[in-house]
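J.: got a predicted structure plus its sequence, pasted below:
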Amino acid sequence: MGDNRREGPTKRLSDAEFQAQREKGLCFRCGEKYFARHRCKSKEHKELRMLVVREGGEELEIVEEEFFDAEAEMKQVEVQNVENLNIELSLNSVVGLTNPGTMKVKGRVGEEEVVILIDCGATHNFIAEKLVTKLGLTLQETPNYGVILGSGTAVKGKGVCRDVEVQLEGWKVKDSFLPLQLGGVDMILGMQWLHSLGVTEVDWKKLMLTFHYQGRKVVIKGDPSLTKTRVSLKNLMKSWGADDQGFLVECRTIECGLLEEHEQDRGQGREDEEAMATLLKQFASVFEWPTALPPQRSIDHHIYLKSGTNPVNVRPYRYAHHQKEEMERLVDEMLSSGIIRPSKSPYTSPVLLVRKKDGHWRFCVDYRALNNVTIPNKFPIPVIEELFDELKGASVFSKIDLKVGYHQIRMCPEDIEKTAFRTHEGHYEFLVMPFGLTNAPSTFQALMNQVFKPYLRRFVLVFFDDILVYSQGINEHIQHLEVVLGLLKEKELYANLEKCSFAKPRISYLGHFISEQGIEAVPEKIRAVSEWPTPTNVREVRGFLGLTGYYRRFVKDYGAIAAPLTQLLKKGAYKWDAETETAFDKLKKVMMTLPVLAMPDFNLPFEIESDASGFGVGVVLTQCRKPVAYFSKTLSMRDRARPVYERELIVVVLAVQRWRPYLLGRKFTVKTDQRSLKFLLEQCVVQPQYQRWVAKLLGYSFEVTYQPGLENKAADALSRISPAVQLNQITAPTLIDVDIIKEETR
């Protein structure tokens, strides 16, 4: 399935019009005043595309279109000066797939039998280019014109076939047709023809088109047998937009009676499931929301300041009216739960309000100024690779995620005043450890180590709020889980059941997959290189060599391996053949293996080299200039319109979130070619779009340094990978009634 959105018809601007719009600060699409979060007033055009592959091998696409612009469709359309027309073609016509309500009929052009699609989603009539050639039809020359396809992309067309006679059942059509490459049909009768019929009545269920001509009722019946068609990969790819994502879903008919046997084969039978359910029910209180403050413990959070430091006092940011109302509501909730109280502290930090994906708001305090004068806590952070050394022989795994982890630790009484924050209507301070303090990860890890000390590296691993329980068998695992859940209950620590996984043979933990077979690195670590598309021109070859050449000192015989690709850079020498393909594949392979891709050394500092181009972002995690992991991402159309500063800020946020296990609790460096980001830590965050991204960096200790673009070739190359469709595989088995899907998308 894919999802593609486009806002209204594409409007082409001349260079002069483009410059005028830019100078006036107007949107290039709708002409309204443009601002950072501008959305065109025209309603979005959304398409749900579903390709259903049945057991018999038949393929059927269901396309549901919303917000259909009927007024635009019904206006008079004629093929006169085609260069001045807005010509559009629906997705059905482009890829040769059909909706159950799409009407296909058989007809004849001369002696040739043809398949014709009657499509109200097409503004004009179209004829397949191959049919024009086959029948030797006269093609009248016209200037080039653009055709907007159902995927939102545009293709060039040229020429028109006039007065083409098409014989349908009981009706003859004589009209003009535009030649175009079509899939699955020979001709398309669009609104150009439908409008000429006057009042029409269509029964899509019965596939009947009815109209009257000179007092005679004319009925054209669609052929149901033509609504089922196979689709070639070439035609399917025409429907993809540059930033679309697709999913492969395999549906199989299974016998439900086999499920129990299948579970027993995995070693987890009904008795084990019942035992696990009983255990979770016994410790149900561990998964509830806390109703009181956490207890005072030997490990509470301290904030030790550098000598001679004055109380930190940062003025509040300005907030929109709706944000003030939401802030008041969130403050009232925290007051009611007891985690904050009114304050008279000389300290104060500003609040950041960030909208979450679900539409709710996240309350954050910007403690950057306080963190700058805090003495760092050097508590040892676990080394991921050393943790995994303890898993040998384990075959059953559970992962427990603690709920609002930091709020489960109290602040030391003498340091409560330092957590104070100010809103537009009050001054408050935290009684629990808030998110965003520089030493919070160390305090949390110290508490976890103390709680689970007798069982660490025996059957428990802890990395901040991620707890892993591992065992050699299911019975032993249930006993181990009972111990862990018992400790959580005793110490009044609460877990988030929705993010927990229990008794799994394979589990994702800290960016790795863990199973009885061993440890697997998550493919995202090298995906940016492993999925680098085959270059199609000199520019793309130069981009790939820019990345690989940056690390050539780690690749033996780099010059010899890359020689066939280097030859392509010469003027007029571009020719992709078997030799260049071999060199391309070999270079990708060496870039993903040791010693090029280094294992992280947690005794050395990490560096992030980032870059954002016009349509993508690229990041490399390095140590001593050796790459540890790569990451690249194509930006959405909205993100591409953001200012350069904000795009560079997004790169840093994405990198920090992706490599959290490497960076949390350690100081690292971000290298960027944007000088403005160098002063990120000192800047006052005012605009809401910046607050959103900066809030995601709170709690990390890092500095931003300027690195000229010429020294940042690896990240620059990753950010300039040509946009490509992402195809994702859904591997989770799910029982679903296919009839329900068909009914929902009817």
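T.: Nice, I can see it.
J.: how is this structure carved up into domains?
T.: Partitioning the chain according to automatic domain parsing yields domains covering residues 69-237, 272-517, 526-591, 607-726.
J.: any idea which of those gets closest to residue 33?
T.: Nearest of the domains of the chain to residue 33, taken as Cβ to Cβ: domain 607-726 at 14.1 Å. (Glycine included, C-beta is placed from N, CA and C.)
J.: rewinding a little: from the domains of the chain, which stretch is densest packed?
T.: With neighbours taken as mean count of other Cβ atoms under 10 Å, the domains of the chain reach their highest mean count in domain 607-726, at a mean of 19.
J.: report the separation between the residue nearest to residue 500 when sequence neighbours are not counted and residue 651.
T.: If the residues on either side of it in the chain are set aside, residue 500 comes closest to residue 400, at 5.2 Å by Cβ to Cβ, 6 or more residues apart in numbering. In this structure, residue 400 lies at 32 Å from residue 651, with Cβ to Cβ, to the nearest Å as the measure.
J.: and for residue 333?
T.: Distance from residue 333 to residue 651, by Cβ to Cβ: 34 Å.
J.: do the same with residue 442
T.: Noted for residue 442: a distance of 27 Å to residue 651, by Cβ to Cβ.
J.: on that earlier part again, what's the closest of the domains of the chain to residue 30?
T.: Shortest distance between residue 30 and those, using Cβ to Cβ, is found for domain 607-726: 13.2 Å.
J.: got the contact list for residue 181?
T.: By Cβ atoms under 8 Å, 6 or more residues apart in numbering, the contact list for residue 181 reads 128, 129, 130.
J.: residue 335 belongs to a helix?
T.: Yes. Assessed with DSSP: H, G, I helix; E, B strand; the rest coil, residue 335 lies in a helix.
J.: do you know the pLDDT at it?
T.: What the model reports for residue 335 is a pLDDT of 94.
J.: state the helix or strand in which the closest residue to it other than its chain neighbours lies.
T.: Setting aside the residues directly before and after it, residue 335 is nearest to residue 341 in space (Cβ to Cβ, 6+ apart), at 7.2 Å. Of the helices and strands defined by DSSP states H and E, residue 341 is found in strand 340-342.
J.: name every strand pairing with the helix or strand following that strand and say which way it goes.
T.: Going down the chain from strand 340-342, the next helix or strand is strand 351-355, by DSSP H and E. Sheet pairing of strand 351-355 (DSSP bridges) gives strand 361-365 (antiparallel).
J.: contacts for the next helix or strand after the partner strand?
T.: Sequence order places helix 368-372 as the next helix or strand after strand 361-365, per DSSP H and E. If you take Cβ under 8 Å, 6+ apart as the criterion, helix 368-372 is touched by 303, 312, 314, 347, 349, 418, 436, 437, 438, 681, 698, 701.
J.: nearest to residue 199, of those?
T.: Looking across the contacts of helix 368-372 and measuring by Cβ to Cβ, the closest to residue 199 is residue 698, at 63.6 Å.
J.: let me see the contact set for the closest one.
T.: Counting by Cβ under 8 Å, 6+ apart, residue 698 touches 352, 364, 365, 366, 367, 368, 435, 436.
J.: if I look at it, how far off is residue 390?
T.: Where residue 390 is concerned, residue 698 sits at a distance of 32 Å (Cβ to Cβ).
J.: now residue 336
T.: Applying Cβ to Cβ to residue 336 and residue 390 gives a distance of 43 Å.
J.: mind listing the strands for the stretch 501-650 of the chain?
T.: Remark: strands assigned in the stretch 501-650 of the chain by DSSP state E, counting those that start in this stretch are 501-504, 506-509, 512-515, 518-521, 607-612, 616-623, 626-634.
J.: mean pLDDT and distance to residue 396 added to those strands, as a markdown table?
T.: Formatted as a markdown table, those follow (pLDDT from 0 to 100; distance: least, Cβ to Cβ, whole Å):
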| stretch | mean pLDDT | distance to residue 396 |
| --- | --- | --- |
| strand 501-504 | 92 | 6 |
| strand 506-509 | 86 | 9 |
| strand 512-515 | 80 | 10 |
| strand 518-521 | 64 | 15 |
| strand 607-612 | 82 | 36 |
| strand 616-623 | 79 | 32 |
| strand 626-634 | 71 | 29 |
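J.: if we can go back for a sec, adjacent strands (with direction) for the strand holding residue 341?
T.: Here, using DSSP bridges, strand 340-342 pairs with strand 426-430 (antiparallel).
J.: what lies in contact with the strand it pairs with?
T.: Contacts for strand 426-430 (Cβ under 8 Å, 6+ apart): 331, 334-335, 339-345, 348, 411, 416-417, 419-422.
J.: can I get that strand as PDB, trimmed to CA atoms?
T.: In PDB, the C-alpha atoms belonging to strand 426-430 read as follows (Å, rounded to 0.1, in the frame of the first residue of the first chain):
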ATOM      1  CA  GLY A 426       3.400  31.300  38.100                       C
ATOM      2  CA  HIS A 427       6.700  30.100  39.500                       C
ATOM      3  CA  TYR A 428       7.100  26.400  40.400                       C
ATOM      4  CA  GLU A 429       9.700  23.700  41.200                       C
ATOM      5  CA  PHE A 430      10.000  20.000  40.800                       C
END
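J.: average pLDDT across that strand?
T.: Here the average pLDDT along strand 426-430 is 95.
J.: check stretch 416-423 too.
T.: Rounded mean pLDDT across stretch 416-423 is 95.
J.: list of residues touching the strand holding residue 341?
T.: With Cβ under 8 Å, 6+ apart as the test, strand 340-342 has contacts from 331, 334, 335, 426, 427, 428, 429, 430, 431.
J.: turn those residues into TSV, including distance to residue 455.
T.: TSV is the format used below for these (distance: Cβ to Cβ, whole Å):
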residue	distance to residue 455
331	39
334	34
335	38
426	44
427	43
428	38
429	36
430	31
431	30
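J.: give the contact list for residue 671.
T.: Here residue 671 is in contact with 607, 608, 609, 610, 704, 705, 706, 707, 712 (Cβ under 8 Å, 6+ apart).
J.: make it 6 Å
T.: 609, 705, 707 (Cβ atoms under 6 Å, 6 or more residues apart in numbering).
J.: without its sequence neighbours, what residue ends up closest to the second one?
T.: Read it as residue 705. In space, residue 705 is closest to residue 671, 5.5 Å off (Cβ to Cβ, 6+ apart).
J.: any idea what the one you found is bridged to?
T.: residue 609, residue 705.
J.: so how far is residue 707 from it?
T.: Distance of residue 671 to residue 707, computed by Cβ to Cβ: 4 Å.
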